[in-house]
Every structure is written in C-alpha cells, then in structure tokens.
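Enquirer: okay, sequence plus prediction incoming.
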Amino acid sequence: MLVSPDVVTRSELLPEGTYLAPRLRVLRVLGEGGMGVVYLARDEALERDVAVKLVDPARVSDEGMRRRFLEEARAMARVRSDAVVEIYAFGERDGAPYFVMEHMADSLHDWLERQGREPLALDVALGILERVALGLEDIHACGTVHGDLKPGNILIGQGFRVCLADFGLATELEAELELVGTPTYLAPERIRGDDLPPELRARGDLYALGVLAFELLAGEVPFDAPDVGRVYAQHLYKPIPSLTELRPDLPPALDHAVRALLAKRPEDRPSSADPLLDALRAARRRAEAKVSHVLVVDDDPDFRALVRACIEEELGACTVEESDGTDALTRLADRRFDLVVLDLHMPDMNGIELTAAIRERHAREELRILVVTGHGSASDWRILKGLGADAFVVKPLDTDGFVSQARRLLAA
C-alpha cells in the first residue's frame, strides 16, 4: 500500500485500462489518502509498474488542496535519497493533478499487522529504523519537514528496502506548521501550535520516530486512547512509559534513547536519530554476545537433528553438528562453544576419549560437556565425571529432562 491504512477504499474513479497519459495505463486502485486516490499503473514505454497519486476529483476545486498536492510532489522530487520514494513525473487529467512515483508493494503498517503486532527482534527493528532515520535526514537536509511519519507512510519494497513516502503534510522548515497529522505520532508542539524557530521544527519528525521505535520494540504505541482528545492529552502531559518494563530484555540505554526522542519539549530532544541508532546497535551487540553456542557430536544424524531442535527451539542457542570426535576437536579449535553434547559410543573416538581430549586442550575455557548414551552405566559416569564431564543423560532422550540439563549447564 502507498497510503494511510485507516481510510475506506471507495469505488474506482479510473477504470482498469484507462490511459492517464500516453503509455501510462491504470491497472487498479491501491488505496486512498486524505488528498486523493493511489493507483497501480503500467508504464508501457519503460515496461515497469508505477504508482500514480491523483487528487480527489471531488476536491479538485479546493485551491488549498491543489496547492498542498503540488507541494507534496515538489517536496518529494527535491529529495535525492535511496530511503525516499522517487518521483518520476507530474501531470493533470481533466483538471485533476497527479504525480507518478516509484511503486513499492507493501507498507510497514500492513507488514506489522501480518506479524501480529508483536515486538520485533533488535536486528529487524534496527534495520527499519536506520532506513527511516536516513530518509528523515535527507528530507531535513533539503529544508523540508515530513510532518506525518507513521507506519502507513513507510513503504517496503523488494529485498525489504524501506522508504518514506506520502509527503502530503510536508512543509518548508521556514513555513508555519498546521495542526494536521496522525494523532498517535503527533509531537506536543504541533498539538500546542507552538511557533518554533526553523532549527527546531524538524524535531517533530524525530518525536514521531521515537513513537515508531517504541512501537516496533514494545509491540504497542506509547500513547493511546479511544478518542483523539485523550491521545493529545497524553502526548502533552502523560509521562513516557518505560520500554524496559514491557521488554525487560532491553538495556536501559535503549530506553533512555527512545525517551530522549519522546521529550515533551523539542529543545530537549536530540537533533538527530544517531543516539537511538547507537543504542540499538549496542543492544544488538549485547544480545549477540549472550547467544549460546552448542556443538553436537553424534554419528546418528536423526539424533543430532532432535538435539538441535531442542536446543534451538527451547533455548534459543546456535548449534553446530559433527559426526565424529576428530572433526569435533577441529571445530573446537576454530571457534568458541559454551556446551558440547556428545555421544558416549561413536566409531574411531568414543565419548570418554573425546571428553578427555576436550579437557586437555581446552582446560582454561568455561566449556560444559553433556554426555548422552543409550548403553551407559554408573561406572561410565564415574569415569566421565573424573575426566571433566558435567552431566550425563540416557537414550531414548527425555526431551524435557535434556533441555533442563542443557539450560542449567549454559546458565552456569
């Protein structure tokens, strides 16, 4: 979708097959916004699909609407950014202006709906917010404020390329900002109608970015209510909710970065998205450092698959598999592991020999060893324990018991 998702689509105003211009054929309606209708069209000369935004013919006599529509096209055309949807052409049909732009197949709003509005993984949230921040930076560098940043105006293209679109509320940094926009993402100074100096006007977009960051990371927006008036009141007066209370796995520094963007006064916000992006990158590095790595050594591929499923699905750890002790020792020399799960009975090098070799070669590492067997005995366990094994479980595998043992060893 190329437009706000909260508008009901009406019947097509331009039937399929209509030519807006030579070799520019309408395919279907994509959706509607406050200013007009967006169509999917085919540029037959260049053999590509494009999006066409046409002013609502019912409002074409409104000079304010025509002026705003032209300003949107000009604002988008001024920006040269890989993170902003590209404008190709501008024209009129029966007195109704339209512009032709890059077509992207999805909106962030629709994509989030399909994800079930769940909190996003740090990698995914960072990838989206980096692109949005880049787009805003390029827009602001052109002397323009977007004015309506929200998931419905963030588009997703091929290869999960994220771009900003719909500059219907864009305005010059020097111009007076009106009280228009989506209430959920509207900065307090916009609600109050503050007369801000130009250097502070772009910070309304950064406030909306803070709302978006909170939404992506928490799975819900920070300020919400059944009616617009109460949403405005929350933006103006309600304390900023704690992101870490909703997601205890997030570090306080990330919570602080989001809070900074959501400051009630624009002069209290950072001048760019850099602090947020830095905090997200640090949180990602911290999360990656906590991921456990497990080496599974067994000559039975079906058993290795079972162990891998238990470890990855239940413990969120990364697994590597080897079928014999020699290859396992080579793997251990190449990278760090937190836990080795090995079979007692294997050809060439059995579990006792492999345990001894691991402890000899990796004596200084905090590496745990969990031995699994279908034919072990108490005497085997005494030998293994003496060699440095940390736990012993038997086949057929009790998966709950195995996961419990593995979790305990990884926590240790």
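Expert: The structure has been received and is ready for your questions.
Enquirer: switch to C-alpha atoms for all contacts and neighbour counts from now on
Expert: Fine.
Enquirer: please enumerate the strands of the stretch 301-412 of the chain.
Expert: Per DSSP state E, counting those that start in this stretch, the stretch 301-412 of the chain carries strands over the ranges 318-322, 339-343, 368-373, 391-394.
Enquirer: JSON lines for the ones you listed, including distance to residue 264 and mean neighbour count?
Expert: Putting these into JSON lines (distance: least, C-alpha to C-alpha, whole Å; neighbours: other C-alpha atoms under 10 Å) gives the following:
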{"stretch": "strand 318-322", "distance to residue 264": "42", "mean neighbour count": "18"}
{"stretch": "strand 339-343", "distance to residue 264": "48", "mean neighbour count": "25"}
{"stretch": "strand 368-373", "distance to residue 264": "50", "mean neighbour count": "22"}
{"stretch": "strand 391-394", "distance to residue 264": "55", "mean neighbour count": "19"}
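Enquirer: so which of the ones you listed comes closest to residue 219?
Expert: Counting by C-alpha to C-alpha, residue 219 lies closest to strand 318-322 out of these; the figure is 25.6 Å.
Enquirer: got the angle for that closest one vs strand 339-343?
Expert: Interaxial angle, strand 318-322 versus strand 339-343 (axes from the mean of the first three to the mean of the last three C-alpha atoms, to 10 degrees): 30 degrees.
Enquirer: related to what we said a few turns ago, export the strands of the stretch 301-412 of the chain as TSV, with columns for distance to residue 83.
Expert: Below are the strands of the stretch 301-412 of the chain laid out as TSV (distance: least, C-alpha to C-alpha, whole Å):
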stretch	distance to residue 83
strand 318-322	33
strand 339-343	42
strand 368-373	46
strand 391-394	52
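Enquirer: lowest mean pLDDT across those strands, which one is that?
Expert: Among those, strand 391-394 carries the lowest mean pLDDT, at a mean of 88.
Enquirer: who does that strand pair up with?
Expert: Next to strand 391-394 in the sheet, as set by DSSP bridges, lie strand 368-373 (parallel).
Enquirer: return the distance of the partner strand from the chain's centre.
Expert: 38 Å (C-alpha atoms, centre = their mean, to the nearest Å).
Enquirer: and if you look at stretch 222-238?
Expert: How far stretch 222-238 lies from its chain's middle: 25 Å, per C-alpha atoms, centre = their mean.
Enquirer: same check on stretch 118-130?
Expert: Distance, centroid of stretch 118-130 to centroid of chain: 3 Å (C-alpha atoms, centre = their mean).
Enquirer: okay, that stretch in CSV with CA atoms only?
Expert: These are the backbone C-alpha positions of stretch 118-130, laid out as CSV (Å, rounded to 0.1, in the frame of the first residue of the first chain):
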residue,chain,number,x,y,z
GLU,A,118,4.5,-8.4,18.3
PRO,A,119,7.7,-6.7,19.5
LEU,A,120,10.3,-7.0,16.8
ALA,A,121,13.8,-8.5,17.1
LEU,A,122,16.5,-6.0,17.6
ASP,A,123,18.0,-6.7,14.1
VAL,A,124,14.7,-6.2,12.4
ALA,A,125,13.8,-3.0,14.3
LEU,A,126,17.3,-1.6,13.8
GLY,A,127,17.1,-2.3,10.0
ILE,A,128,13.8,-0.4,9.7
LEU,A,129,14.7,2.5,11.9
GLU,A,130,18.1,3.0,10.2
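Enquirer: who wins for proximity to residue 120 among the strands of the stretch 301-412 of the chain?
Expert: Nearest to residue 120 among those is strand 318-322 (19.5 Å), distances taken as C-alpha to C-alpha.
Enquirer: so residue 42 is in which element?
Expert: Assigned by DSSP states H and E, residue 42 belongs to strand 36-43.
Enquirer: mind listing the strands the next helix or strand after that strand pairs with, and their directions?
Expert: Heading C-terminal from strand 36-43, the first helix or strand you meet, by DSSP H and E, is strand 48-55. Using DSSP bridges, the strands paired with strand 48-55 in its sheet are strand 36-43 (antiparallel), strand 96-102 (antiparallel).
Enquirer: buried sites along strand 48-55?
Expert: Neighbour-count burial for strand 48-55, counted by 16 or more other C-alpha atoms under 10 Å, picks out 49-55.
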